[in-house]
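>>> Build the 3D model from these lines:
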Amino acid sequence: MSSNYFISYPLKPLYKYTTVIFKRVSYLISSIKKRNQTYGLEGNELTRELCNLVCSIEGGKYCILVSSGLSSIFTTYIAFLKSGYGVLVPENVYYPNYSSLIFLSSRYNINIIRYKPDFNKFTLLSKCISLNLRLVFIEAPGSITFEIPNLSSLLYIANRTNSVVVYDNTYSCGFSFRPFNYGADISIQALTKFYSGSNDIFMGAIITRSKHIFNILKDASLNIGFSPKSEDCYSIIRGIHNLYSNFSSSESKAYALARFLLKLPFVSKVFHPALKCNIYYNRWKKYFSGSSGLVTFVFSRFVSRYEINNFIDGLKLFKIGYSWGGSISLVMLYFDLHLKRRYLSNCSNNIFIRLYIGKDSLVDLKSDILESYIYNIRK
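Alright, predicted model coming up:
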């Protein structure tokens, strides 16, 4: 059969090596001087291909791959924070992020400054100056409850303190928000989420447009020794043509499900940034071109914890588990957010239920929620 009937799929073969072989001593010396690759830990053809793809989506020029989303956060902290430096993080940040800062602070005297979604710019700036701020971390919408801060005010604080601006852009997957258009020096992606797509790969990416920042990050990453598996890079590249369609499908179903939840009796609040009833809707509209595949809700005080547990146990399509971004629809509940976020101090009796929308159809997901709701909440 003629080759005209076939379309070549542009996928590189699987590369695996630890040792880089040099044909001559002069080649080795040249690579050392030019800081070119001398060992397999620095990547291979597959990692470079994935870096190029991530940069093209995120709008960056340089990318470093590490072993998980949390690794990308930790590597960035190690690269830019020193003893006596301050770091500004939101109260609604991904909690392992904050936990890693506690670890660093207890050993290396890092000053942690936390900000609420609605902060006073000048009061916060004064505190940041007194604590020697050097890095501003932004995660918006925030974890679980999806609040959005005033990005202009955060950039003002960063500029006044000459701080590096780091943005965790995992929520948007690089599609519905462009951090480099809003002053970010570094963007972070947990490729474990949508990029992996199958709930079976850990990987993170650190993206920047600055060669100087890239070299600092590269030194930190190499000295820590983070390196993703070639097989995992291959798997992500192989499925990356599905990335946008998977993200878009999850996004649209999550929004529809958020509107559906608003209509259920005994549901007191629904958290989704694209809902017009959300107090941060105008900020979302200003900064974002879309949302993502997550929605959180809270039952009213008339629903007991026992009923909530039974409701979640009764779900068939939503599996109980952490993380999101893959093909499996997930549910997770949070009992103690008010202890971790001061601005939620009046929500001590609330149990926050977060849903991630996977490959399941919207009709089936609504039926799954409704059946468990009727049997466990309305019986």
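>>> where does this protein dip in pLDDT?
Scanning the chain for pLDDT under 70 picks out the ranges 1-10, 378-379.
>>> what's the spacing between the closest residue in space to Ala274 that isn't next to it in sequence and Phe260?
Among residues not flanking Ala274 along the chain, Ser291 sits closest, at 4.5 Å (Cβ to Cβ, 6 or more residues apart in numbering). Glycine gets a C-beta too; all of them are placed from N, C-alpha and C. According to Cβ to Cβ, to the nearest Å, Ser291 and Phe260 sit 15 Å apart.
>>> more neighbours, those two?
Each of Ser291 and Phe260 has its neighbours counted (other Cβ atoms under 10 Å); Ser291 has more, 24 against 17.
>>> Surely His241 is within a strand?
No - read with DSSP: H, G, I helix; E, B strand; the rest coil, His241 is helix and lies in no strand.
>>> That one: how many residues sit nearby?
11.
>>> In contact with it, which residues are there?
By Cβ atoms under 8 Å, 6 or more residues apart in numbering, the contact list for His241 is empty.
>>> Name the residues that touch stretch 297-313?
Contacts of stretch 297-313 from elsewhere in the structure, counted by Cβ under 8 Å, 6+ apart, are 258, 261, 266-271, 318, 320, 331, 333, 347, 349-353, 355, 372-373, 376-377.
>>> measure that stretch end to end?
Terminal residues of stretch 297-313 lie 16 Å apart, using Cα to Cα, to the nearest Å.
>>> Return the set of buried residues in that stretch.
The neighbour-count check on stretch 297-313 (16 or more other Cβ atoms under 10 Å) flags 297-299, 303, 307-308, 311-312 as buried.
>>> Out of these, which sit inside strands?
In strands, judged by DSSP state E, the following of the buried residues of stretch 297-313 are found: 297-299.
>>> and which of those is nearest to Ile110?
Closest approach to Ile110 among these (Cβ to Cβ): Val298, at 33.6 Å.
>>> Report the separation between the closest one and Ile308.
Val298 sits at a distance of 10 Å from Ile308 (criterion: Cβ to Cβ).
>>> ok, back up a step: export the ones in strands among the buried residues of stretch 297-313 to a markdown table and append columns for distance to Tyr156.
As requested, those are exported to a markdown table (distance: Cβ to Cβ, whole Å):
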| residue | distance to Tyr156 |
| --- | --- |
| Phe297 | 34 |
| Val298 | 33 |
| Phe299 | 39 |
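>>> Leu243 against Tyr195, yeah?
Yes - with contact defined as Cβ atoms under 8 Å, Leu243 counts as touching Tyr195 (6.4 Å).
>>> How about Cys330: what's its closest non-neighbour residue?
For the record, residue 330 is Leu, not Cys. Per Cβ to Cβ, 6+ apart, closest to Leu330 is Tyr356, 4.3 Å.
>>> could you list every residue that touches the one you found?
By Cβ under 8 Å, 6+ apart, the neighbours of Tyr356 are 250, 254, 293-294, 323-325, 329-331.
>>> Can you add secondary structure and distance to Tyr108 and give those back as CSV?
Compiled in CSV, the contacts of Tyr356 are given as follows (DSSP: H, G, I helix; E, B strand; the rest coil; distance: Cβ to Cβ, whole Å):
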residue, secondary structure, distance to Tyr108
Ser250, helix, 38
Ala254, helix, 39
Gly293, coil, 36
Leu294, strand, 33
Ser323, coil, 29
Trp324, coil, 31
Gly325, coil, 32
Ser329, coil, 40
Leu330, strand, 35
Val331, strand, 37
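>>> can you put those in a markdown table and add distance to Pro149 and neighbour count?
Output for the contacts of Tyr356, formatted as a markdown table (distance: Cβ to Cβ, whole Å; neighbours: other Cβ atoms under 10 Å):
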| residue | distance to Pro149 | neighbour count |
| --- | --- | --- |
| Ser250 | 24 | 25 |
| Ala254 | 22 | 21 |
| Gly293 | 22 | 28 |
| Leu294 | 18 | 25 |
| Ser323 | 24 | 16 |
| Trp324 | 22 | 25 |
| Gly325 | 23 | 28 |
| Ser329 | 29 | 24 |
| Leu330 | 26 | 22 |
| Val331 | 27 | 18 |
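>>> No further questions, thank you.
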